[in-house]
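>>> need coordinates for the below:
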Amino acid sequence: MTTLERTTMTHTRRALCASLLLIGSAAHSAATANTAPATVSAAKPVTTPRVYVFDCGTVEVKDISVFSPGVDVGKKKTLTDSCYLVVHPKGTLMWDTGLPDELASAPAGKDVPGFHMTLKKTLVSQMKQAGYTPAAVTHLGLSHMHFDHIGNVGLFPKATLLMQKEEYESATGPDAAKFGNDPATYPTLAANPVEKLSGDHDVFGDGTVVIKRALGHTPGHQVLFLKLKKTGNILLSGDMAHFTKNWENRRVPSFNFDKETSVKTMNQMADFIKANKANLWIQHDREQNLKIKDAPKYYG
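All right, here's what the predicted structure looks like:
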């Protein structure tokens, strides 16, 4: 990488981090409000793992080339923001929490530099339709700490946080702002019980729900592998790639923490997907997500 390329990437990353902090600050009141206690779900126990898919918001990107430098400059693209509840006989895992529920009270959505965000239904209401409440969640898994994945972490203050140690340190350490994080926007998270990970993690000990280390997008990015009895194997992408074209061409957003590691991770995960005959669910790919059924339906 040339000096000019490094400088350009650094300036772009700083600009994106500033936007992330601004968006996160706008969600501060929602994060605080979401700490209210909830009653435990009365949903029936399951005998095999299942996953519910929630529509956790929409992000309209005004120039999609920020996600694929030099490609489709000036073109708009709509991204979805999916999050998931994994229900297992030994517990429940919330994987990412989307945009803050408070956004649903603004039908026109909200503008921030470069993005327009909307939310039709709150995460709480979608969970209720599926028969669960936030208090029923035993584990909280975050692919990474960007604003559109942590909007409702305050709903789960007692869930055990499962996070790569690098991501946890970037979120709670003294240099949080350097990574586009603002602890004021997730005030309850530092008090969650936490398991700091240094690699892959078998959540329930039977190989059906496995967090996989997938660095590059952020210092401690991770993805989630699911083995479902009827549906088969699924890999939930986090932000390893934001849409299919970027995945297929191994394109890296300008604001990624480490470009070379990002590409290496995508290649490694592509090999993993092939070896395990898994389907990749790209959490932000709107076109793909239109074909995936949302809760209260589920995959099992």
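
>>> mind listing the strands for the stretch 151-300 of the chain?
160-164, 194-197, 201-202, 209-213, 222-228, 232-236, 278-281 (DSSP state E, counting those that start in this stretch).

>>> using PDB, write out every CA atom in the second one.
Coordinates of the C-alpha atoms in strand 194-197 are reproduced here as PDB (Å, rounded to 0.1, in the frame of the first residue of the first chain):
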ATOM      1  CA  VAL A 194     -18.500 -11.400  30.100                       C
ATOM      2  CA  GLU A 195     -16.500 -14.100  28.500                       C
ATOM      3  CA  LYS A 196     -13.600 -12.500  26.600                       C
ATOM      4  CA  LEU A 197     -12.700 -14.800  23.800                       C
END
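
>>> in JSON lines, list the strands of the stretch 151-300 of the chain along with distance to residue 59.
C-beta here means a position set from N, CA and C on the backbone, and glycine is covered the same way. Converted to JSON lines, those look like this (distance: least, C-beta to C-beta, whole Å):
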{"stretch": "strand 160-164", "distance to residue 59": "23"}
{"stretch": "strand 194-197", "distance to residue 59": "27"}
{"stretch": "strand 201-202", "distance to residue 59": "28"}
{"stretch": "strand 209-213", "distance to residue 59": "24"}
{"stretch": "strand 222-228", "distance to residue 59": "19"}
{"stretch": "strand 232-236", "distance to residue 59": "17"}
{"stretch": "strand 278-281", "distance to residue 59": "17"}
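
>>> closest one to residue 260 among those strands?
With C-beta to C-beta as the criterion, residue 260 lies closest to strand 209-213 of these, at 16.0 Å.

>>> and of the strands of the stretch 151-300 of the chain, who's closest to residue 79?
With C-beta to C-beta as the criterion, residue 79 lies closest to strand 278-281 of those, at 13.9 Å.

>>> list the strands paired with that closest one, with their directions.
Sheet pairing here is set by DSSP bridges, and for strand 278-281 it gives strand 232-236 (parallel).

>>> tell me what angle the strand it pairs with forms with strand 222-228.
Between strand 232-236 and strand 222-228, the angle comes out at 170 degrees (axes from the mean of the first three to the mean of the last three C-alpha atoms, to 10 degrees).

>>> quick one: contacts of strand 232-236?
Residues outside strand 232-236 that contact it (C-beta atoms under 8 Å, 6 or more residues apart in numbering) are 51, 84, 95, 143, 212, 223-228, 269, 272-273, 276-281, 283, 299.

>>> rounded mean pLDDT for it, please.
What strand 232-236 shows for mean pLDDT is 98.

>>> same thing with stretch 244-255?
Per-residue pLDDT over stretch 244-255 has a mean of 97.

>>> repeat for stretch 206-221
Taken as a whole, stretch 206-221 carries a mean pLDDT of 98.

>>> list the buried residues in it.
Using 16 or more other C-beta atoms under 10 Å as the burial criterion, the residues of stretch 206-221 that qualify are 208-221.

>>> distance from that stretch to the middle of the chain?
Its chain's C-alpha centre and that of stretch 206-221 lie 11 Å apart, by C-alpha atoms, centre = their mean, to the nearest Å.

>>> as CSV, could you dump the C-alpha coordinates of that stretch?
What follows is stretch 206-221, C-alpha atoms only, in CSV (Å, rounded to 0.1, in the frame of the first residue of the first chain):
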residue,chain,number,x,y,z
ASP,A,206,-22.3,-29.5,21.4
GLY,A,207,-21.0,-27.9,18.2
THR,A,208,-24.4,-26.5,17.1
VAL,A,209,-23.8,-22.8,18.0
VAL,A,210,-20.2,-21.7,17.5
ILE,A,211,-18.7,-18.2,17.5
LYS,A,212,-15.9,-18.0,15.0
ARG,A,213,-13.1,-15.5,15.2
ALA,A,214,-13.1,-13.4,12.0
LEU,A,215,-10.9,-10.4,12.4
GLY,A,216,-10.4,-7.4,10.0
HIS,A,217,-13.6,-5.4,9.9
THR,A,218,-12.9,-4.3,13.5
PRO,A,219,-10.2,-5.4,15.9
GLY,A,220,-12.2,-8.3,17.3
HIS,A,221,-14.9,-9.0,14.7
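
>>> OK, contacts around the residue nearest to residue 148 when sequence neighbours are not counted?
Spatial nearest neighbour of residue 148, excluding adjacent residues (C-beta to C-beta, 6 or more residues apart in numbering): residue 81 at 5.2 Å. Neighbouring residues of residue 81 by C-beta under 8 Å, 6+ apart: 55-59, 98-99, 148, 283-284.

>>> repeat that for residue 64.
Shown in contact with residue 64 (C-beta under 8 Å, 6+ apart): 72, 75-77.

>>> how about residue 243?
Counting by C-beta under 8 Å, 6+ apart, residue 243 touches 67, 77, 79, 282, 284-288.

>>> perfect, I'm done here.
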